[in-house]
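Undergrad: the following block contains a protein sequence and its predicted model.
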Amino acid sequence: MAGEDTKYKKAVATAAFEKMSKRQQRALFAAAGLKAGANVSLAYAIDKFRRDKIREIVFYMFFLIIFTTSALIQRNVTDSHYYMQTVKDAILNENFPDVTWFKTFNDVAIDADFWDYMTTVIPQYLYKDQWYNGQKYTSAEMNYVLHVNRLVQAPRIRQLRVNSQVCPVPPRLANIIKVCYPAFSSAAENRTSIPGWPPGTLVSYKTASQLATSEYRNGLLPYSGGGFAIDLPLYLNKTQALDFFNYLKSVKWSDLHTRAIFFTFALYNPVNGLYLSVLLLFEFLPFGEVRPSSQFRVIRMGLSTANDYATVLLDAMVYLMVFSYVVQDMRKIVAMGRVYWTHFWHWFNWVNYSIFMVSLYFKITFYMSSLNYVSGNGNKDMQTATMDFEAIGWTYYQMVNFQAFNNIFVWLRAFTYIKYLTTDIANLSYTLANAAKDCGLFLLIFAMVIFAYAQAFHIAFGTDIGTYKTLLESIFGLFKTLLGDFNFNAIKSSNAYLGPLLFITFEIVCYFVFLNMFLAILNKSYSDVIDKGVDDPMTVEFRNTLASNFKKFLQSLNFWKTEDGSRNQNEEEEEEEEEVKKIEKKKTALDGEALGMMLNTIQELSSTVRGINEKIENVSKVQSLSGAGRLQVLNRASVAGSMENRDLDGSISQSSPLSPSDRQKPMIQTDATRNGNKVRSTSQLQDELLTQEVLESDTALVDNATLQDNLDSMRPNASTMRPKPYRKPPLTSLESPTKQENDGDVTPRL
């Protein structure tokens, strides 16, 4: 039995394989992880394809569940959002207490605003020392923000400075402007000591390694991790913090050399187990403006809860499965060789693996730094900032960002499997695959057009409109314009002629032309998939196999084990049998109807053949009669011609041997020259008319006979249903008399 089943499977596999095109056969070998060759069996490839696909689908479904669960529990996004937003609103939206209008962090514009913020808002926020009813905080209640968020280390203020230099100025201003202060760069950095704290001391420049601070790149310019740093101890009260900032203000701690001041601190919420890194940056720009910006990062560090351990365990499972996929694809590379790299999804898989590896690098870096911090001694945290929370927060965010970006690749990879579930999903998958090349070319052209218009908007309107102040922001602004977010009045106010021209042409080209082209590409690809049916036979057979196996699996679970369930199952089987019988009846009815139509057609052909036979018989009778009359006419014509020749030319001797052609020449000449006119004899006209009729009747007879033979060859079965046609014996042809036979006889023979 096992041998018979194996032979049957091989026969089915071979039949399915023969239905495929060459491209589909190569795709089958690639899907099975094999390279086509003489030593590779088709049945083995198909059987391996089925087994591998079932295992891959089940394995990948499990991988999706583990990966999604790990990504969601690794970071409590909702709590992180509310935590960060609460602290951000309290810091950035805190009003300056000494002004009569609403003025906050984002309203800082000059150096005086900076010092007002540092001497009023920061001490009130970080060093609050009493409750709402005026009751003083206890020592245990100090160093909290909003009463529940603990300051984990001393806040730090850090300044970066530049050297003055001689700037190129016009000769007219050379005697007025002697020096200038450039933008920040490592080459122009000033490292001369400046006043510090306590009063009367100097603070010296320290490098990034000495301060354990990394480079910051989220400002207008990148800033190094070194500088002049002062840490505020946590044991300071509100009054001491005010004295600290007022002293720095009085000694002119910031001046024309200042290019950036960082103020950083970190909080911890014990309920959610989340750290919050806060960085406030004030950039002193070369043209006199102070530009404020902020950076908040919510971080989960350490292994302190069950959720943390579950996250690490799920991460380990995910990467074990990823490594198994890598090993599987490497085995395919060895088996297939260069053919492996000719498939799009194989490239897609390696991009996915690469992102996993980058994310793993950031995970290892983050866990090593964070575990060292949370397990260390915190005695120094009261007096100094021991951890660069901005740097470790950046690492944590890169880990999360790559994992978030990788979600797209992980779920898109499922398209390689979902086509085996239903035809509709397969059509969508094939549509995207077929349109990939055209969409890629379209996006390339679209990117060129967007860049061209972004450059034009940036050059023309970047000075007046903030949306186009940089080339990158100009690109983003044009994308927002396509979605309807634009300020046409500002564009028109900047340039009354060029503004509307660029805006209208951009809308026409990108919105009306390119958007419709993109939709047309997708529509054409989908229409081609629906019309041509690109689904290969192995996919269809595999889909049917999955459906049947799933049905057997459901039946094995005994969901319908009860009497009602068994009765329902029997009813379903009876309904299926009735449907099968109905289909068979319809097939039988269709066969009878088709047979009746065939009989009617045969009867019509038979009647047509009878009519043709009757016509042939009539023509044969007329032909036989015309043949006898023709013989008599020819005899009379020959006798009359000989008599006329004797009357007209008496010199002709009866005994002279003349050929029929010689005898006919005097007659023709006589007819042509009688009475000086070209006249033809009556007998000759009658002979020509009779000859023409005979030829026409012979032609009709030949055509009818040919038609009869064709009909007999087309419908051989109809010959038994019609009478045998009458065929007239062929007429004896009129033979031309030879010279030997007619030397002594002028009468033509029939």
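TA: Yep, it's here.
Undergrad: mind checking the SS state of R259?
TA: Look at R259: counting by DSSP: H, G, I helix; E, B strand; the rest coil, its state is strand.
Undergrad: the nearest residue to it once chain neighbours are set aside in helix, strand or coil?
TA: Excluding its sequence neighbours, the residue lying closest to R259 (CB to CB, 6 or more residues apart in numbering) is F184, at 4.0 Å. (Glycine included, C-beta is placed from N, CA and C.) With three-state DSSP as the basis, F184 sits in coil.
Undergrad: which phi and psi does F184 have?
TA: In terms of degrees, to the nearest 10, the main-chain angles of F184 are phi -70, psi 140.
Undergrad: that one contacts G226, doesn't it?
TA: No: the pair formed by F184 and G226 falls short of the contact definition of CB atoms under 8 Å, at 11.8 Å.
Undergrad: so which of these two has more stuff around it?
TA: The neighbour comparison of F184 against G226 (other CB atoms under 10 Å) goes to F184, with 25 against 20.
Undergrad: distance of the more buried one from Y223?
TA: Separation of F184 from Y223 (CB to CB, to the nearest Å) stands at 6 Å.
Undergrad: who touches both of those two?
TA: L160, A260 (CB atoms under 8 Å, 6 or more residues apart in numbering).
Undergrad: and after whichever strand or helix holds N489, which helix or strand comes next?
TA: According to DSSP states H and E, N489 maps onto helix 488-494. Next in sequence after helix 488-494, counting helices and strands by DSSP H and E, comes helix 498-506.
Undergrad: packing partners of the helix or strand that comes right after that following helix?
TA: Tracing the chain past helix 498-506, the next element assigned as helix or strand by DSSP H and E is helix 515-532. Counting contacts by 3 or more CB pairs under 8 Å, 6 or more residues apart in numbering; DSSP states H and E, helix 515-532 packs against helix 423-434, helix 436-461.
Undergrad: show me what the last one is packed against.
TA: Spelled out, that is helix 436-461. helix 471-482, helix 488-494, helix 498-506, helix 515-532.
Undergrad: winner for burial among the ones you listed?
TA: Ranked by average neighbour count under the criterion mean count of other CB atoms under 10 Å, the helices and strands packed on helix 436-461 are headed by helix 471-482 at a mean of 17.
Undergrad: show me what that helix is packed up against.
TA: Using 3+ CB pairs under 8 Å, 6+ apart, helix 471-482 is in contact with helix 436-461, helix 498-506.
Undergrad: report the angle between the axes of that helix and helix 515-532?
TA: Put simply, helix 471-482 runs at 70 degrees to helix 515-532, going by axes from the mean of the first three to the mean of the last three CA atoms, to 10 degrees.
Undergrad: that older thread, mean confidence for the helix holding N489?
TA: Mean pLDDT, helix 488-494: 89.
Undergrad: who does it touch, helix- and strand-wise?
TA: If you count contacts as 3+ CB pairs under 8 Å, 6+ apart, helix 488-494 packs onto helix 436-461, helix 498-506.
Undergrad: who's in contact with G462?
TA: Y468, K469, T470, S474.
Undergrad: how many neighbours does V322 have?
TA: Burial of V322 is recorded as 18 neighbouring residues (other CB under 10 Å).
Undergrad: which residues does stretch 470-485 contact?
TA: Applying CB under 8 Å, 6+ apart, the set of residues contacting stretch 470-485 from outside is 450-451, 453-455, 457-458, 462, 466-468, 486, 503, 506-507, 510-511, 515.
Undergrad: of those residues, grab the buried ones for ChimeraX.
TA: Entered in ChimeraX, the line below selects the buried ones among those, by 16 or more other CB atoms under 10 Å:
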select :450,453,454,457,458,462,467,468,486,503,506,510
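Undergrad: who touches stretch 379-388?
TA: 152-156, 211-214, 225, 231, 233-235, 264, 266, 373.
Undergrad: one more time with 6 Å
TA: Contacts of stretch 379-388 with the rest of the structure, by CB atoms under 6 Å, 6 or more residues apart in numbering, involve Q153, A154, R156, A212, T213, S214, D231, P233, L234, Y373.
Undergrad: for the fifth one, what are its contacts?
TA: Translated: T213. G225, D388.
Undergrad: just to be sure, it is in a helix?
TA: No: judged by three-state DSSP, T213 forms no part of a helix; its state is coil.
Undergrad: any idea how far F262 is from it?
TA: The value you get for T213 to F262, if CB to CB is used, is 9 Å.
Undergrad: so who does S359 touch?
TA: S359 neighbours (CB under 6 Å, 6+ apart): F402, Q403.
Undergrad: check which helix or strand covers it.
TA: Per DSSP H and E: helix 344-374 holds S359.
Undergrad: average pLDDT for that helix, rounded please.
TA: pLDDT averaged over helix 344-374 gives 91.
Undergrad: after it, next one along is what?
TA: Remark: after helix 344-374, the chain's next helix or strand is helix 389-412, criterion DSSP H and E.
Undergrad: next SSE after that next one?
TA: Next helix or strand after helix 389-412 toward the C-terminus (DSSP H and E): helix 415-418.
Undergrad: can you give me the buried ones in that following helix?
TA: Residues F415, T416, Y417 are the ones in helix 415-418 that count as buried (16+ other CB under 10 Å).
Undergrad: by mean pLDDT, flag the weakest helix or strand of this structure.
TA: Lowest on mean pLDDT, DSSP states H and E among the helices and strands of the chain sits helix 660-673, with a mean of 43.
Undergrad: around S370, how many other residues sit close by?
TA: Look at S370: counted by other CB under 10 Å, it has 20 neighbours.
Undergrad: so where does the residue lying closest to it once chain neighbours are set aside fall, helix or strand?
TA: Nearest non-adjacent residue to S370, counting by CB to CB, 6+ apart: M301, 3.8 Å away. Secondary structure from DSSP H and E places M301 outside every helix and strand.
Undergrad: just to check, M301 is in contact with L371?
TA: No: with contact defined as CB atoms under 6 Å, M301 and L371 do not form a contacting pair (8.0 Å).
Undergrad: which of these two has more residues huddled nearby?
TA: Taking neighbours as other CB under 10 Å, M301 and L371 compare with M301 leading, 22 against 13.
Undergrad: below-threshold pLDDT in this protein: ranges please.
TA: Of all residues in the chain, those with pLDDT under 70 make up the ranges 1-49, 533-542, 545-546, 558-573, 575-576, 579-596, 623-750.
Undergrad: checking L160 next. Helix, strand or coil?
TA: With three-state DSSP as the basis, L160 sits in strand.
Undergrad: should've said A266
TA: When classified by three-state DSSP, A266 comes out as strand.
Undergrad: spatially nearest residue to it, not counting backbone neighbours?
TA: By the measure of CB to CB, 6+ apart, the closest residue to A266 outside its immediate chain neighbours is F389, 4.3 Å from it.
Undergrad: residues near the one you found, how many?
TA: A total of 24 residues lie near F389 under the criterion other CB under 10 Å.
Undergrad: what distance do you get for the residue most central in space within the chain to D438?
TA: By CA atoms, centre = their mean, the chain has its centre lying nearest to L432, at 3.6 Å. With the distance defined as CB to CB, L432 ends up 11 Å from D438.
Undergrad: again, but for I612
TA: 60 Å.
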